[in-house]
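Novice: Sharing a sequence plus its predicted fold:
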Amino acid sequence: MTDRTGPLAGVRVLDLSQIVSGPMAACWLADQGAECIKLESPGGDPVRTVGARKGNMSAIFICVNRGKRGETLDLKNPAHHARFEELVRWADVLIENFRPGTMDKLGFAHARCAELNPRLIWCSITGFGPDGPYANIRAYDPVVQAASGIAATQADPAGNPSLVQSLVCDKVTALTAAQAITAALFHRERTGEGQKVEVAMLDAAIAFNWPEGMYNHAFVEPAEPFPEYGTLTRLWPAKDGLVSMAAIQDSEFEAMCEALGNPESLARPEYQTMAGRFAHLATLLPEMGRLVAERTRDELMAGFIRAGAVGCRVNSRAELLEDPQVAHNGCVIEVDQGPHGRVRIARHPARFARSPAVARPGPAPELAPPPA
């Protein structure tokens, strides 16, 4: 990989990680210009065969491993250790998300790698942390959702927790790790020092969920309670589907009224302040629901756009690909995955005016044969 562009051009990343959390962190660094080697064991990353796929190349694997070079080593085989040592010396960043102690057992603990490369930034991603009562539990996203309180914040009206149908903990851990790695690189620029960075999925998920998910548990001394955040949100049925709307501030409610044609039923004095609206939700919400149900999603979208209201259609997965704002932003791009054809992925979301991220990342690596 030569002629890389982006703010991290010149940074070299050795990605030992599997599944989503580590690979996605490395992928974001690669999107921002880093040169990245995806190092796999002979059996390959398990996510290669999870979800929609062609052969051993799944859509998930392509999405979180695009733009990387591939190499295969068996670190249980001493014959492969010399090459791994070369890669450690080559790298600025090493990412691994094995269970605690795995790298030690393979003979490549952090201390050993730091001897080989004192400037190395080693990022270790674990489920629950490197030690503690849960350290030996194997961690996947639903387990961390359960432990972190995220499942509790998805409770139904009866109070039963449920799971977010997304790998939210894996992905927020990836973003946390990518940011922490760049912070460590910045520290190294100032001091010349490498260091170990530890990111637990549990810690990342709790920090992510805390602001609104735990606001009723934030004040140590008693405070005025407030309805849990999830109870304040809903999707609204229109004639031909669903929309999402919100109007907390008075100016937002004014815009919502305009978007709905300024109906007299929403002009009641008690609806004109936030306190009044909260006090009269029992009458306000059904009336807004009636007004929304009389309109199509296109009619509602035209009103939201015209008035600058807080609202948008609920896109299906297929509709997302055709959404005009998604198209305008260029959110979805294609990569050429060679014999597997072209694959849609999400464009790197950050835009850099002076050092643009890689506009068109390369394919994800095929599983290379290990050295003889």
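Specialist: Perfect, thanks for sending it.
Novice: what's around the residue lying closest to residue 18 once chain neighbours are set aside, how many residues?
Specialist: Using Cβ to Cβ, 6 or more residues apart in numbering and skipping the chain neighbours, the partner closest in space to residue 18 is residue 45 (4.7 Å). For glycine as for every other residue, the C-beta is placed from the backbone atoms N, C-alpha and C. By other Cβ atoms under 10 Å, 28 other residues sit near residue 45.
Novice: do the same with residue 169
Specialist: Neighbour number of residue 169 under other Cβ under 10 Å is 30.
Novice: Leaving out the residues flanking it, which one is nearest to it?
Specialist: residue 144 (4.1 Å).
Novice: how close does the one you found sit to residue 202?
Specialist: Taking Cβ to Cβ, to the nearest Å as the measure, residue 144 falls 6 Å from residue 202.
Novice: ditto for residue 224
Specialist: 30 Å.
Novice: for residue 99, same thing?
Specialist: Distance from residue 99 to residue 202, by Cβ to Cβ: 14 Å.
Novice: quick one: which of those two has more around it?
Specialist: residue 202 (21 against 15).
Novice: pull the helix or strand with minimum mean pLDDT from this structure.
Specialist: When each helix and strand of the chain is scored by mean pLDDT, DSSP states H and E, helix 274-279 comes last, with a mean of 93.
Novice: Remind me what it packs against, helices and strands.
Specialist: helix 250-259 (3 or more Cβ pairs under 8 Å, 6 or more residues apart in numbering; DSSP states H and E).
Novice: buried sites along the helix it packs on?
Specialist: Across helix 250-259, burial judged by 16 or more other Cβ atoms under 10 Å covers 252-257, 259.
Novice: Quickly find the element holding the most centrally placed residue in the chain.
Specialist: When Cα atoms, centre = their mean is applied to the chain, the residue found nearest the centroid is residue 171 (3.3 Å). For residue 171, the host element (DSSP states H and E) is helix 168-191.
Novice: what lines up beside the very next helix or strand once past that helix in the sheet?
Specialist: Next along the chain after helix 168-191, taking DSSP H and E as the criterion, comes strand 195-200. Here strand 195-200 is paired, per DSSP bridges, with strand 121-126 (parallel).
Novice: any idea of the angle the partner strand forms with helix 168-191?
Specialist: Angle, strand 121-126 to helix 168-191, by axes from the mean of the first three to the mean of the last three Cα atoms, to 10 degrees: 160 degrees.
Novice: now strand 121-126, how far from the chain's geometric center?
Specialist: The chain centroid and the centroid of strand 121-126 are separated by 17 Å under Cα atoms, centre = their mean, to the nearest Å.
Novice: Dump that strand to PDB, keeping only the CA atoms.
Specialist: Output in PDB follows, covering the C-alpha atoms of strand 121-126 (Å, rounded to 0.1, in the frame of the first residue of the first chain):
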ATOM      1  CA  ILE A 121       1.200   1.400  20.700                       C
ATOM      2  CA  TRP A 122      -0.400  -1.800  21.900                       C
ATOM      3  CA  CYS A 123      -4.200  -1.700  22.000                       C
ATOM      4  CA  SER A 124      -5.700  -4.600  24.000                       C
ATOM      5  CA  ILE A 125      -9.500  -5.000  23.700                       C
ATOM      6  CA  THR A 126     -11.300  -7.300  26.100                       C
END
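Novice: Tell me the first helix or strand C-terminal of that strand.
Specialist: Counting by DSSP H and E, the element after strand 121-126 in chain order, helix or strand, is helix 141-148.
Novice: Please report how far the residue nearest to residue 18 lies from residue 270.
Specialist: 58 Å.
Novice: List of residues touching stretch 219-238?
Specialist: Under the criterion Cβ atoms under 8 Å, 6 or more residues apart in numbering, residues 153-155, 212-213, 215-216, 242-246, 288-289, 292-293, 295-297, 300, 314 lie in contact with stretch 219-238.
Novice: switch the cut-off to 10 Å
Specialist: 152-157, 211-217, 241-246, 248, 278, 281, 285, 288-289, 291-301, 311, 313-314 (Cβ atoms under 10 Å, 6 or more residues apart in numbering).
Novice: Report how many residues lie close to the closest residue in space to residue 85 that isn't next to it in sequence.
Specialist: Excluding its sequence neighbours, the residue lying closest to residue 85 (Cβ to Cβ, 6+ apart) is residue 116, at 5.7 Å. When counting by other Cβ under 10 Å, one arrives at 15 neighbours for residue 116.
Novice: Thanks a lot, see you next time.
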